[in-house]
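In: fold the following.
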Amino acid sequence: MSRYRPPTTPGSKFITPAGHARLSAELDELWRVERPRVTQAVSEAAAQGDRSENAEYTYGKRRLREIDSRVRFLRKRLDGMTVVAQPPSDRQRVFFGAWVTLEDETGALARHRIVGPDEFDRAPDYVSMDAPLARSLLGKRLDDEVTIRTPSGERSVTLVAIDYES
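Out: This is a model prediction of the structure:
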């Protein structure tokens, strides 16, 4: 059995202004605050002498590698992002950034926002545009009936509201 894994394709390159601001703030925090603090701690631990038995030095170096890895990822990811700040001209259809309200067969309502793959973890009602739910909703109009494939089977929902933040 081979250990080779084909590279994963990155998610969609769209992000809301709030998501972009959050990722930029994380990058700034890591680069300007966290990394200098950890670097100073590693330097102090290295000055204590034998590094092979120095846990502060070992864990500090590991934390520096984690920070550098995350910084590289964020810089690369933010460079290729498209910030979608304006709502679409046709507000009667579902596009990126839309808040959609769905009604299932039992009459239960669910509200979701379609966002980029880098920001769907911000709130429980955010859905990545790469998720099956969002892919089945994109481009649909108000009062359209949509069939959604879930692990437990197919569900039919009706699109009852579409809102866009200004």
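
In: all helices for this protein, in order.
Out: With DSSP state H as the criterion, the chain has helices at 17-29, 35-46, 55-79, 132-137.

In: for residue 72, give its distance to residue 6.
Out: For residue 72, the distance to residue 6 equals 21 Å [C-beta to C-beta, to the nearest Å]. In short, each C-beta sits where N, CA and C put it, glycine included.

In: these two - which one has more neighbours?
Out: Between residue 72 and residue 6, counted using other C-beta atoms under 10 Å, residue 72 has the larger neighbour count: 10 against 5.

In: possible to save the helices of the chain as TSV with distance to residue 144 and mean pLDDT?
Out: Shown next, in TSV, are those (distance: least, C-beta to C-beta, whole Å; pLDDT from 0 to 100):
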stretch	distance to residue 144	mean pLDDT
helix 17-29	27	94
helix 35-46	49	94
helix 55-79	33	94
helix 132-137	9	90
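
In: looking at those helices, spot the one closest to residue 160.
Out: helix 132-137 (12.1 Å; C-beta to C-beta).

In: export the closest one as CSV, just CAs?
Out: Extracted in CSV, the C-alpha atoms of helix 132-137 (Å, rounded to 0.1, in the frame of the first residue of the first chain):
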residue,chain,number,x,y,z
PRO,A,132,-23.8,19.7,-1.2
LEU,A,133,-26.5,21.8,0.4
ALA,A,134,-25.1,25.1,-1.0
ARG,A,135,-24.3,23.6,-4.4
SER,A,136,-27.9,22.4,-4.8
LEU,A,137,-29.2,25.9,-3.8
